[in-house]
Each structure stands twice: as structure tokens, then as C-alpha cells.
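Q: Structure of the sequence below:
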Amino acid sequence: MKKTLLAIAALAATSGAFAQSSLTIYGVLDASIENINADDSLTRVSSDNLSSSRLGFKGTEDIGGGLKAGFVLEHNVKVDTGAAGNTRMWDRAAWVGLSGSFGELRLGRQDSSIGDIAGNVLSAQTYDDFKFTKTRAGDSYRREDNAITYILPVFVPGLAAQIQYSTNVGVSGTTGTEDTTDAGKAWGLSVKYAAGPFAAGLGYLSAEDETNSVTANAGEKGSAVLVYAGYDFGVAKVTAYYDNETKLYTNSKRLSLYGAKVSVPVTSAFTVIGGLSQVKHATASTTEDDGALLFSLKGVYALSKRTSLYGMLSYINNEDNAKLTLDSSKAPVTAGDSVTGIAFGVRHTF
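A: Numbers count the residues shown, from 1 in each chain. Prediction:
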């Protein structure tokens with residue numbers, strides 16, 4: 001997916017050693033034709049349904065003595081219109097860091113500890129439950145501004161761990177005020193383990209969500225816990241997960257999402273992924289019957305190493321007081337009604 005376009009070697013003036021630098025330009029283009037059947041039927045060309053379209057730059061420099069510098073700049077692009085995916089230029093990533101025997105330190109906008117698990121392990125695209133249920137890991141805290149991330153060195157093979165702190169995450173409404181000077185601060189951690197066919201992980205977030213405009217939540221901290229475990233049996237890979245968190249800016253009951261996904265490699269080029277999950281207390285209220293049963297099905301066929309065709313189906317069975325949908329602004333739904341989404345598209349990476 002990532003093609004190195006530039007690699008240069010410069011002679012170090014003081015030691016006579018060679019310092020190796022590299023720059024990689026990479027990207028993803030994902031577009032599909034989709035239909036969302038909610039209160040009304042919406043048919044359109046859409047972007048980002050299988051993967052987020054992006055243009056990225058990343059680089060490393062071998063400084064010497066086991067020390068390396070690195071950076072990532074990544075921008076979201078909407079293939080359907082050519083527009084930027086966000087008002088900011090480098091909305092997906094903008095960080096610089098150093099790595100060595102001590103581990104790695106990154107500064108800037110980057111995946112949150114729970115967002116990394118939701119987005120890069122479990123998937124958090126439009127048709128995925130972590131996204132349309134508005135979880136912190138898949139939506140509001142998918143990434144964080146002003147983040148300081150320390151990735152621990154590998155002490156045990158297969159074990160990866162990090163801790164993270166943000167002075168102001170950049171989530172709307174979390175900027176500190178005279179009465180809530182800590183608003184916007186957050187810290188988190190994650191631990192992931194993979195050994196052969198087995199994989200498991202845990203992510204945690206603690207965030208200062210309080211704002212003066214929501215007095216019921218003023219002075220309270222938000223939190224989220226996400227755990228997962230998976231096993232690859234060869235004929236199928238099964239992954240189960242559980243997310244539990246406070247809702248953003250409200251004093252409602254804690255949202256919980258739990259489910260499982262099964263990935264089946266039908267052939268070397270064709271993979272089918274099915275998912276079934278349940279969300280509880282999905283709305284920003286204290287009412288009951290505000291959850292939903294969620295079903296998803298994806299098929300991905302690799303035409304080549306870089307190009308794939310895909311089809312996907314998502315079904316949301318809302319309870320009486322829930323109104324989850326795949327696009328709340330363009331395809332709203334009445335509480336208690338179900339939503340179906342179907343998409344067929346192509347993804348190319350470079």
C-alpha cells in the first residue's frame with residue numbers, strides 16, 4: 001500500500017557514519033454507490049464506506065546510536081465530491097516523534113488509545129457499529145489533538161502497550177472556561193497482545209467532558225473501556241468485543257456495546273465478514289428501550305494487491321426510544337424504526 005518514493009543517504013559530518021532518511025507518500029481512494037432506507041430512501045455515491053480515503057506523508061530519519069525521528073501527516077479526502085473530509089488540513093494525523101531502545105514518544109494529533117483499537121483492529125467506518133452508535137472510540141474520541149503518546153518498548157514478544165495524555169483533545173465543547181479549566185484534558189492507555197492465532201487487547205479513556213452549557217454534567221469526568229479477544233481458526237477468525245462508556249455531555253446511563261465478528265476467507269482473494277452486536281442506552285437520555293440490535297455483512301474481493309471490489313449490508317433494529325441511523329443528517333429515522341444500508345464500491349491503495 002505504501003510506496004517509498006524517496007530514500008537518501010547523507011554522510012554525518014562528525015562521525016563519518018551514514019544517516020538514512022526516507023519519505024513515503026501513500027493513500028487510499030474508496031468510493032461506492034449506496035442506498036440507505038430510513039424514514040426515506042437515499043441513494044448516492046459515497047466515500048469512505050470500507051476505508052477512509054486519504055493522502056498521507058510519513059518519514060523517518062536514522063539519527064544514529066539507535067535513535068530515530070519520525071513523522072506522519074494524513075489528510076482525509078472525499079472521493080464522491082473531491083472535498084476535504086474536514087475543515088482542518090491534517091485531520092487524520094499530524095505528529096512528530098522520536099524512537100529508540102526507550103520506546104517511542106509522539107507529539108501532536110493522533111489516534112487515541114481506544115480509537116486505535118476501534119479503528120485499526122475492529123473497524124469504525126460508516127457501516128460499523130462503533131461509528132453509528134457514536135461511541136467515543138469510533139467517533140468523538142477516535143483521534144485527539146495536543147496528544148503526548150509514549151509507546152513502551154517490547155518487553156514480551158507480541159505485547160504492545162502505550163499511555164497517552166492530551167492537554168486539549170479538540171472535541172467540540174470541551175475547551176476550558178473560567179469554571180471548568182480542566183475541560184478538554186484526557187488521558188488513556190492501551191495494551192494489545194498477539195501470539196499466533198490469538199489476539200486480545202484493552203483500551204481505557206478518562207476525559208474532562210464538562211461544559212457550562214450542560215450543568216448536569218459540569219465537573220464530571222467521562223470514561224470509556226474497550227476490550228476485545230479474537231482467535232484465528234484458519235477457516236474463520238472470530239473476534240468478540242465489549243465497550244462501556246459515559247455519553248458525551250450528558251448525565252444519561254452508560255452506553256454499552258457488545259458483539260462479535262466472524263471473518264471467513266472463502267478464497268485467497270475473497271473474504272466475507274459478518275457481525276452481530278447489541279447496543280444499550282444509545283440515546284442521550286435516561287429512558288429505557290433506547291438500544292438496538294445491529295447486523296452487518298461485508299464481502300471484499302481483491303482484484304490485485306492494491307485494488308478491491310466490495311459489497312456491504314448493515315441493518316439496525318432500533319428499540320422503541322432509539323433512532324440510530326447510518327447518516328443522521330441525510331437519512332434520519334423515527335424512534336423505533338429500523339434502518340437498512342447497502343453499498344457496492346471499489347477501493348484502491350497506493
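Q: ok now do Tyr272, which residues does it touch?
A: For the record, residue 272 is Val, not Tyr. Ser263, Val264, Val266, Leu297, Lys298, Gly299 (C-beta atoms under 8 Å, 6 or more residues apart in numbering). For the C-beta atoms, the positions are set from N, CA and C on the backbone; glycine is no exception.
Q: again with Val77
A: Gly27, Leu29, Ser47, Ser53, Arg54, Leu55, Ala83, Ala84, Gly85.
Q: Just the buried ones from those?
A: Gly27, Leu29, Ser47, Ser53, Arg54, Leu55, Gly85 (16 or more other C-beta atoms under 10 Å).
Q: Verify the stated contact: Thr167 with Ala183.
A: No: counting by C-beta atoms under 8 Å, Thr167 stays clear of Ala183, with 11.3 Å between them.
Q: any chance you could map the strands in the stretch 51-200 of the chain?
A: 54-64, 67-76, 93-100, 103-111, 143-151, 159-166, 186-195, 198-208 (DSSP state E, counting those that start in this stretch).
Q: Which of those strands sits closest to Ala224?
A: Ranking those by proximity to Ala224 (C-beta to C-beta) places strand 198-208 first, at 4.5 Å.
Q: Which residues does that closest one contact?
A: Taking C-beta under 8 Å, 6+ apart as the rule, strand 198-208 contacts 112-114, 116-118, 121, 136-137, 141, 169, 171, 174, 180, 182-193, 221-232, 239, 245.
Q: which residues touch Val266?
A: If a contact means C-beta under 8 Å, 6+ apart, then Val266 has Val272 as its contacts.
Q: and if you look at the one 5 residues further on?
A: Shown here is Thr271, whose contacts under the criterion C-beta under 8 Å, 6+ apart are Ser263, Val264, Pro265, Gly299, Val300.
Q: 10 Å - rerun?
A: Contacts for Thr271 (C-beta atoms under 10 Å, 6 or more residues apart in numbering) come out as Lys237, Ser263, Val264, Pro265, Lys298, Gly299, Val300, Tyr301, Ala302, Ser308, Tyr310.
Q: CSV please, covering those and showing secondary structure, pLDDT and distance to Thr287.
A: Below are those laid out as CSV (DSSP: H, G, I helix; E, B strand; the rest coil; pLDDT from 0 to 100; distance: C-beta to C-beta, whole Å):
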residue, secondary structure, pLDDT, distance to Thr287
Lys237, strand, 98, 37
Ser263, strand, 98, 35
Val264, strand, 98, 38
Pro265, strand, 98, 42
Lys298, strand, 98, 32
Gly299, strand, 98, 37
Val300, strand, 98, 38
Tyr301, strand, 98, 43
Ala302, strand, 98, 45
Ser308, strand, 98, 42
Tyr310, strand, 98, 37
